[in-house]
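Chemist: With the sequence up front, the predicted model follows.
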Amino acid sequence: MRLSTASYGLLLICVCLIIRLELSWLTAYSRRGQAEAPAAEQAREYYELYENIWKDLVYFPIPESTEDPEAEVSFENSWMFERTYGGSYGHEGTDLMPSVEKSGYYPVLSMTDGVVENIGWLEKGGWRIGIRSVHDVYFYYAHLSSYAEEFRKGDVVSAGQLLGYMGDTGYGKEEGTTGQFPVHLHVGIYVRNEEIPELAVNPYWFLRYLEQHKLKYSFS
Ligand SMILES: [Zn+2]
């Protein structure tokens, strides 16, 4: 059987159409691939940032008292709850609330190994200490009544080391302001990388996990 010129023409058009269709699918597919690549990379970066937190966490910041079984702390997930001191903003942390509402009663321990990055008075945070952990995570402990020792920037601390005592300092320009809110420990966690200089992370679930890792400590 011989094909007529018209049939040849038709066949050629069909083949061309199929090739074009295939090509457009391929281009669309590869474009989508390109668009997804940065998002996947970003997700990977966040994964690593959060993973660093898990790598460094060792102890819950408030130990269990060997003498006072009543000395407990409770906390809720108050991430981004409204705070209004000096303007409205979201709560970047978790507040550990004591059953014994006494300033200077509960020891505050470092959750991680690390280095003292910040120490001293902050208008909002009161007497605070900031520890940069081994994997570059910033752990922020605020409203302390006092420090365990005269810490200086660059001092090395180890997980479980006494940093100071839970208090109610802060919410004042004047150093030593107290009594503006109930005694508690504010815990903040911040991660960073080359693109993100500071990213606040909700400490709530990390603290829930750490509750299983409380040190025993003598205080009453
Ligand atoms: Zn707080």
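Modeler: Nice, thanks for sending it over. Numbering: from 1, shown residues only.
Chemist: which residues does residue 97 contact?
Modeler: 73, 74, 75, 182, 184 (Cβ atoms under 8 Å, 6 or more residues apart in numbering). Bear in mind the C-beta positions are built from the backbone N, C-alpha and C, glycine included.
Chemist: Which single one of those residues is nearest to residue 144?
Modeler: In terms of Cβ to Cβ, no member of the contacts of residue 97 lies closer to residue 144 than residue 184, at 10.7 Å.
Chemist: For the closest one, report the pLDDT, please.
Modeler: Looking at residue 184, its pLDDT reads 98.
Chemist: Just name the closest of the contacts of residue 97 to the ion, please.
Modeler: Each of those was scored against the ion by Cβ to the ion, and residue 184 proved nearest at 7.1 Å.
Chemist: Next up, phi/psi of residue 165, please.
Modeler: In terms of degrees, to the nearest 10, the main-chain angles of residue 165 are phi -130, psi 150.
Chemist: Next: residue 61.
Modeler: When quoted as degrees, to the nearest 10, the phi and psi of residue 61 stand at phi -70, psi -20.
Chemist: what's stretch 48-61 in contact with?
Modeler: 96, 108-114, 133-137, 141, 159-160, 185, 187, 189, 191-193, 196, 199, 201, 206-207, 209-211, 213-215.
Chemist: close to the ion, is it?
Modeler: No - judged by Cβ under 5 Å from the ion, stretch 48-61 stays clear of the ion, getting no closer than 13.0 Å.
Chemist: Find the closest residue to the ion in the protein.
Modeler: Closest point on the chain to the ion, by Cβ to the ion, is residue 186, at 3.4 Å.
Chemist: Could you grab the helix/strand/coil label for residue 206?
Modeler: On the three-state scheme (DSSP: H, G, I helix; E, B strand; the rest coil), residue 206 is labelled helix.
Chemist: What is the burial count for it?
Modeler: 20 (other Cβ atoms under 10 Å).
Chemist: Next: residue 156.
Modeler: Neighbours around residue 156, by other Cβ under 10 Å: 10.
Chemist: ok so, going back, which of the contacts of residue 97 lies closest to residue 145?
Modeler: Distances from residue 145 to those, taken by Cβ to Cβ, are shortest for residue 184, at 11.2 Å.
Chemist: Now do the contacts for the closest one.
Modeler: 95, 96, 97, 98, 143, 166, 168.
Chemist: Would you mind naming what in the chain lies close to the ion?
Modeler: So the chain meets the ion at 93, 95, 186 (Cβ under 5 Å from the ion).
Chemist: Return the closest of these with respect to residue 65.
Modeler: Among the residues of the chain next to the ion, and counting by Cβ to Cβ, the member closest to residue 65 is residue 95, at 19.6 Å.
Chemist: Next, the contact list for the closest one, please.
Modeler: Taking Cβ under 8 Å, 6+ apart as the test, what residue 95 contacts is 75, 78, 184, 185, 186, 187.
Chemist: In which helix or strand does it reside?
Modeler: strand 94-98 (DSSP states H and E).
Chemist: Might you quantify the distance of that strand from its chain's geometric centre?
Modeler: 16 Å (Cα atoms, centre = their mean, to the nearest Å).
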